[in-house]
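Participant: What follows is a predicted protein model with its sequence.
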Amino acid sequence: MAIGRKEEERTVITVLKESLKEWRLTLMRVRKPSSDEYKQTLKVVVLGITLVGVIAYLIHLLGISLLGG
């Protein structure tokens, strides 16, 4: 039983090491967005959240009117 546990720990440790290596490589490749890119992304995200909120509110109002509150 102890041998199986050690093999399992090695596997978990190996997986964690490989994941950390991949994350490090990814972080080395990415760059900080420019101010314009950041503003554009912010506009799209705010618009998306607002749109989802408006749709949810309309569905809520429809449900209240159909079910009588």
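Facilitator: Arrived safely, thanks for sending.
Participant: Could you export stretch 53-63 as CSV, CA atoms only?
Facilitator: This file holds the C-alpha atoms of stretch 53-63, laid out as CSV (Å, rounded to 0.1, in the frame of the first residue of the first chain):
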residue,chain,number,x,y,z
GLY,A,53,-29.2,42.5,-17.2
VAL,A,54,-31.8,44.2,-19.4
ILE,A,55,-32.9,40.9,-20.9
ALA,A,56,-33.1,39.3,-17.4
TYR,A,57,-35.2,42.3,-16.2
LEU,A,58,-37.6,42.0,-19.2
ILE,A,59,-38.0,38.3,-18.5
HIS,A,60,-38.7,39.1,-14.9
LEU,A,61,-41.3,41.7,-15.8
LEU,A,62,-42.9,39.3,-18.3
GLY,A,63,-43.0,36.6,-15.6
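Participant: pLDDT averaged over it, what's the number?
Facilitator: The average pLDDT within stretch 53-63 is 97.
Participant: All the helices of this structure, residue numbers only.
Facilitator: 2-29, 35-67 (DSSP state H).
Participant: okay, these in a markdown table with mean neighbour count next?
Facilitator: Quick note: C-beta positions are derived from backbone N, CA and C, even for glycine. Converted to a markdown table, these look like this (neighbours: other CB atoms under 10 Å):
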| stretch | mean neighbour count |
| --- | --- |
| helix 2-29 | 9 |
| helix 35-67 | 10 |
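Participant: can you list the weak-confidence ranges in this structure?
Facilitator: Judged by pLDDT under 70, the chain has its weakly predicted residues at 1-9, 69.
Participant: Mind doing that once more with 50?
Facilitator: Low-confidence segments of the chain, defined by pLDDT under 50: 1.
Participant: Can you give the domain ranges for it?
Facilitator: 1-30, 34-69 (automatic domain parsing).
Participant: Run the chain-centre distance for the first one.
Facilitator: Its chain's average C-alpha position is 22 Å from that of domain 1-30, according to CA atoms, centre = their mean, to the nearest Å.
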